[in-house]
Structure formats: C-alpha cells, structure tokens
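Undergrad: Let's see this in three dimensions:
(one chain, ligands or ions: 2)
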Amino acid sequence: MAVYTHLGAEDLADLIAHYDVGNLVSAKGIAEGVSNSNWLIETDRARYILTMYERRIELDDLPFFLGLLDHLSAAGCPVPRTIHDREGRAWRILDGKAIALIEFLPGVSVDRPTPGQAYAVGAALAELHRASADYPGSRANDLRPRDWQSLLDRCGGDLGSIDPHLPALTARHMPDLLEQWPNDLPETVIHADLFPDNVLMLGDRVGGLIDFYFACRDFAAYDVAVTHAAWSFDKAGSRYREDVGSALMAGYERARPLSSAERAALPLLARGAAMRFVATRAFDWLDTPEDALVTRKDPMDFARRLEFYAEAGDAPFAPKA
Ligand SMILES: Nc1ncnc2c1ncn2[C@@H]1O[C@H](COP(=O)(O)OP(=O)(O)O)[C@@H](O)[C@H]1O
Ligand SMILES: N[C@@H](CCOP(=O)(O)O)C(=O)O
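TA: Ligands and ions are numbered 1, 2, ... in the order given. All right, here's what the predicted structure looks like:
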C-alpha cells in the first residue's frame with residue numbers, strides 16, 4: 001500500500017479550500033505505488049490526485065517535476081496537469097511535507113501488455129521526447145552507471161544474500177557499462193521509469209503517463225531501453241516477448257526514428273537499463289525490512305533481463321522488414 005500519512009476529513013477540506021476546484025466530496029487512499037502517499041480526491045467539479053511526497057524526492061526538484069507535467073500537458077501529451085493553488089503555487093506544505101494536487105487521468109495499468117498497447121506506449125514515449133526537448137527546467141540523472149556502482153558497493157557482501165548469482169553478475173557487467181557508456185547521444189528530458197504501472201491504458205490507447213519523479217535530462221535512447229526492458233518480458237524477466245518488444249520499437253520509431261548511433265548503442269543501453277533496476281532494487285531490498293508495508297521488488301527479475309540483453313545483442317532492436 002502507499003498511504004503513509006493519515007489525513008483526516010478536516011485536514012483535507014482545509015487543504016482543498018486553497019484550490020479553485022470546488023468542494024470536497026470524497027477522498028480515498030490509493031493502495032498502488034511505493035514512494036509517496038496518494039489520494040483520489042473527488043470534488044463537486046472533478047476528480048484529482050493528491051500526492052504527499054514522503055521519501056526519495058528532493059524538495060528542490062519539485063518545481064522541475066511539476067513544471068514538466070504542465071509543459072508536456074500543454075504540448076498535447078497525455079500527462080496530468082498540476083493544479084495550482086489560489087496563490088499560483090504548484091505545491092504546498094502540509095504537516096511538514098510537500099503536497100501537490102494533479103489532474104486525474106482515466107485508464108488502468110496493465111500487467112500483461114498486448115503488442116497493440118506496446119505500440120501505443122512506444123509512440124507516446126517518442127512524442128514525450130519531442131515535447132520535452134524545449135522544456136527549460138534542468139535536472140541531471142542521479143542514477144547513471146557510477147551511481148549504480150556505488151549502490152552496489154553499499155550493498156557490499158550482502159548482495160549474495162539476495163541471490164548467490166548476483167555478485168558475479170554485477171561484477172561481470174559493471175566494468176563494460178562504466179567504460180563503454182556513451183557520452184554523445186541525443187539528449188532530451190526523459191521519463192526514466194516508464195513501467196506498465198506508470199501508464200494508464202484505455203484499451204489500446206494511452207490515457208495517461210504518470211509518476212515523473214525520476215525524470216531528468218539524459219539520452220532519449222536510454223529511455224527507450226528502460227521502457228523496452230520494463231514492457232517486453234514476463235514479470236520475472238524469464239521470457240522475452242518478442243511481439244511486444246518489436247511493437248514498442250515500431251511505435252517509437254513511427255514518431256521519432258532512431259539515428260544509427262542510437263540504434264547501435266541500444267544493446268549496451270538495455271544492459272544498463274536492466275542494471276539500473278538490479279542496483280536500486282538490490283539496495284532497496286536490503287534497506288527494507290521483510291515485514292514492511294511496502295512489497296519489495298525482486299532484483300533478479302532484472303538480472304534475468306540483463307542476461308537476455310547480453311546474449312541477444314542487437315536482435316531485439318533491429319528494424320523489422
Ligand atoms: N494523474 C493520475 N490519474 C489517475 N490515477 C493516478 C494519477 N497519478 C497517480 N495515480 C494512481 O496512483 C497510483 C500511484 O501513483 P504513483 O505516482 O505511481 O505513486 P508512486 O510514486 O508512489 O509509485 C497509480 O498506480 C495510479 O493508480
Ligand atoms: N519502477 C521501479 C520502482 C520505482 O517505483 P515507482 O512506484 O515510483 O514506479 C522498479 O520497478 O524497480
């Protein structure tokens with residue numbers, strides 16, 4: 001579940017009164033999500049999502065994230081707008097924590113995407129990359145190869161307690177990733193975490209792209225690799241779903257064709273994308289007590305994807321005839 005803080009009816013009504021959104025009718029805590037507390041707010045005018053930022057988010061980054069939502073939404077991307085309060089502020093402080101109210105978007109997250117849905121997500125990602133290129137905000141990616149290495153270093157000898165194969169796997173791949181990571185691919189503002197649970201689908205259509213709290217400036221092709229790794233496998237990462245992976249790439253390239261340098265880099269970027277989630281999940285695994293409210297995510301689901309990409313070479317990214 002992800003409601004870490006209790007907010008009573010009076011707190012919520014007081015808070016909502018700071019916005020020009022009508023009167024509070026109902027508020028329900030949302031179980032999905034891990035990082036923040038979220039409520040579905042209904043007023044006599046519309047529905048909204050109220051987010052309280054609990055951890056992982058630097059207050060200084062909030063203007064970047066919330067401004068990005070407005071920029072992308074204004075450019076026609078299916079991204080929720082930030083609702084500003086009556087004084088024009090994008091976020092407020094409640095009980096010492098930052099909160100923001102954002103537009104509610106319709107749709108459901110899918111567990112087993114179809115090729116049609118993957119095609120639509122690929123196209124939506126490409127449109128996002130085009131629209132974010134002129135976003136004036138700046139935020140560096142704080143999860144690049146040297147950051148994965150330092151997270152793994154902090155896991156130390158406990159890495160093998162998660163799975164005995166993990167230390168050898170990270171030791172085998174990290175040197176290549178550190179040495180060969182590109183430095184000259186086209187950059188834009190990327191989502192960096194576009195997993196199925198961060199996309200709201202309406203059938204084969206994308207109703208919403210949400211959870212931009214890893215967004216940063218980095219290679220567009222790295223975001224393609226993250227999204228490919230997140231969408232194109234069964235949950236455990238044991239089986240590559242070729243039809244889904246190809247559809248995702250085709251959807252992306254319809255809206256933003258990859259350059260030859262980007263295409264050539266994708267096998268390494270995909271190994272890196274998988275390693276990024278191995279590293280953060282391994283760190284969180286060891287950092288989260290077994291009986292915590294939050295369900296821990298298994299790093300091995302991405303270790304298997306990493307092995308797949310290392311063996312598959314450029315096959316998953318080769319254009320289909
Ligand atoms: N703008 C939105 N419109 C509709 N539902 C949303 C929206 N934002 C978040 N949600 C719902 O809240 C859940 C958790 O949000 P998310 O931003 O992914 O939280 P976390 O960062 O904690 O993972 C989502 O799975 C979705 O059900
Ligand atoms: N997508 C990441 C976890 C990030 O959590 P989120 O709930 O903020 O998307 C993973 O699967 O490891």
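
Undergrad: Tell me the secondary structure at the residue in the stretch 151-300 of the chain positioned nearest to ligand 1.
TA: Of all residues in the stretch 151-300 of the chain, the one sitting closest to ligand 1 is Asp211 (3.6 Å; C-beta to the nearest ligand atom). Heads up, the C-betas are built off the backbone N, CA and C, glycines and all. The assignment at Asp211 comes out as coil when based on DSSP: H, G, I helix; E, B strand; the rest coil.

Undergrad: which residues touch the nearest residue to it once chain neighbours are set aside?
TA: The shortest distance from Asp211 to any residue that is not its chain neighbour, by C-beta to C-beta, 6 or more residues apart in numbering, is 4.3 Å, and that residue is Asn198. In this structure, Asn198 makes contact with 109, 191, 209-211, judged by C-beta atoms under 8 Å, 6 or more residues apart in numbering.

Undergrad: Check whether the residue nearest the centre of the chain sits in a helix, strand or coil.
TA: Among the residues of the chain, Asp193 comes closest to the average C-alpha position under C-alpha atoms, centre = their mean, at 2.1 Å. Reduced to three states with three-state DSSP, the structure at Asp193 is coil.

Undergrad: Now do the contacts for it.
TA: Residues touching Asp193, when contacts are defined by C-beta under 8 Å, 6+ apart, comprise 211, 213-214, 226.

Undergrad: Is it correct that Glu57 falls within a strand?
TA: Careful, residue 57 is Ile; it's not Glu. No - read with three-state DSSP, Ile57 is coil and lies in no strand.

Undergrad: what about it, how many neighbours?
TA: Other residues within reach of Ile57, judged by other C-beta atoms under 10 Å, total 16.

Undergrad: now Asn23
TA: Applying other C-beta under 10 Å, we find 10 residues neighbouring Asn23.

Undergrad: Name the residues of the host helix or strand of Ala126 that come out as buried.
TA: When secondary structure is defined using DSSP states H and E, the element that contains Ala126 is helix 115-132. Applying a neighbour-count criterion of 16 or more other C-beta atoms under 10 Å, one finds 115, 117-129, 131-132 buried in helix 115-132.

Undergrad: For the stretch 151-300 of the chain, which segments are assigned as strands?
TA: 187-190, 199-202, 205-209, 216-219 (DSSP state E, counting those that start in this stretch).

Undergrad: I'd like to know which residues of the stretch 151-300 of the chain are adjacent to ligand 1.
TA: Counting by C-beta under 6 Å from any ligand atom, the residues of the stretch 151-300 of the chain lying close to ligand 1 are 197-198, 200, 208, 210-211, 213.

Undergrad: One more pass at 5 Å, please.
TA: Within the stretch 151-300 of the chain, the positions lying close to ligand 1 (C-beta under 5 Å from any ligand atom) are 210-211.

Undergrad: can you give me how far stretch 252-261 is from the chain middle?
TA: On the basis of C-alpha atoms, centre = their mean, to the nearest Å, stretch 252-261 sits 21 Å off its chain's mean C-alpha point.

Undergrad: Please apply the same query to stretch 184-198.
TA: In terms of C-alpha atoms, centre = their mean, the centre of stretch 184-198 is set 8 Å apart from its chain centre.

Undergrad: As PDB, could you dump the C-alpha coordinates of that stretch?
TA: This file holds the C-alpha atoms of stretch 184-198, laid out as PDB (Å, rounded to 0.1, in the frame of the first residue of the first chain):
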ATOM      1  CA  ASP A 184      27.300  11.800 -27.200                       C
ATOM      2  CA  LEU A 185      23.800  10.500 -28.000                       C
ATOM      3  CA  PRO A 186      20.900  13.000 -28.400                       C
ATOM      4  CA  GLU A 187      19.500  14.100 -25.100                       C
ATOM      5  CA  THR A 188      16.100  15.300 -24.000                       C
ATOM      6  CA  VAL A 189      14.100  15.300 -20.800                       C
ATOM      7  CA  ILE A 190      13.300  11.600 -20.200                       C
ATOM      8  CA  HIS A 191      10.800   9.800 -18.000                       C
ATOM      9  CA  ALA A 192      13.300   7.200 -16.900                       C
ATOM     10  CA  ASP A 193      10.800   4.900 -15.200                       C
ATOM     11  CA  LEU A 194       8.100   4.200 -17.800                       C
ATOM     12  CA  PHE A 195       6.900   0.900 -16.400                       C
ATOM     13  CA  PRO A 196       3.500  -0.500 -17.100                       C
ATOM     14  CA  ASP A 197       2.300   0.700 -13.700                       C
ATOM     15  CA  ASN A 198       3.200   4.300 -14.700                       C
END
